[in-house]
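A.B. asks: Build me a model from this:
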Amino acid sequence: MEREEFVVKRIVSPEGRVIAEIKSFVKTSGDGQSEISQSISMNVSSDKNSQKCSQSGFFSISSSNE
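C.D. replies: As a prediction, this is how the structure comes out:
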């Protein structure tokens, strides 16, 4: 049985600005194979400074019952 899930989480300031956003996608199958794709994006800003950073990754997991 195959299963997929996509999740988005955000941290929002009281003023309504998105400070951080995380996106995650997971796909699994019944044969012991899993794929995870994750993207993290962060935007930190104040009156004087603004900084952005992002990171993404992909993982493939395989397991067997021998």
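A.B. asks: Going along the chain, name the strands of this protein.
C.D. replies: 3-12, 18-28, 33-45, 50-62 (DSSP state E).
A.B. asks: Put together TSV for those strands, with mean pLDDT and mean neighbour count on each row.
C.D. replies: Bear in mind the C-beta positions are built from the backbone N, C-alpha and C, glycine included. Shown next, in TSV, are the strands of the chain (pLDDT from 0 to 100; neighbours: other C-beta atoms under 10 Å):
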stretch	mean pLDDT	mean neighbour count
strand 3-12	84	10
strand 18-28	78	14
strand 33-45	72	14
strand 50-62	77	10
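A.B. asks: what's the pLDDT at residue 14?
C.D. replies: You'll see residue 14 listed with a pLDDT of 91.
A.B. asks: Pop out the phi and psi values for it.
C.D. replies: The phi and psi values for residue 14, taken as degrees, to the nearest 10, are phi -60, psi -20.
A.B. asks: quick one: it and residue 37, what's the gap?
C.D. replies: As judged by C-beta to C-beta, to the nearest Å, residue 14 and residue 37 stand 31 Å apart.
A.B. asks: One more: residue 4?
C.D. replies: 11 Å.
A.B. asks: do the same with residue 60
C.D. replies: Taking C-beta to C-beta, one finds residue 60 at 10 Å from residue 37.
A.B. asks: can you check residue 26 too?
C.D. replies: Distance from residue 26 to residue 37, by C-beta to C-beta: 8 Å.
A.B. asks: which residues sit in contact with residue 41?
C.D. replies: By C-beta atoms under 8 Å, 6 or more residues apart in numbering, the contact set of residue 41 is 20-23, 52-54.
A.B. asks: Now render those as JSON lines, adding distance to residue 31.
C.D. replies: Putting the contacts of residue 41 into JSON lines (distance: C-beta to C-beta, whole Å) gives the following:
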{"residue": "20", "distance to residue 31": "35"}
{"residue": "21", "distance to residue 31": "32"}
{"residue": "22", "distance to residue 31": "28"}
{"residue": "23", "distance to residue 31": "26"}
{"residue": "52", "distance to residue 31": "39"}
{"residue": "53", "distance to residue 31": "36"}
{"residue": "54", "distance to residue 31": "32"}
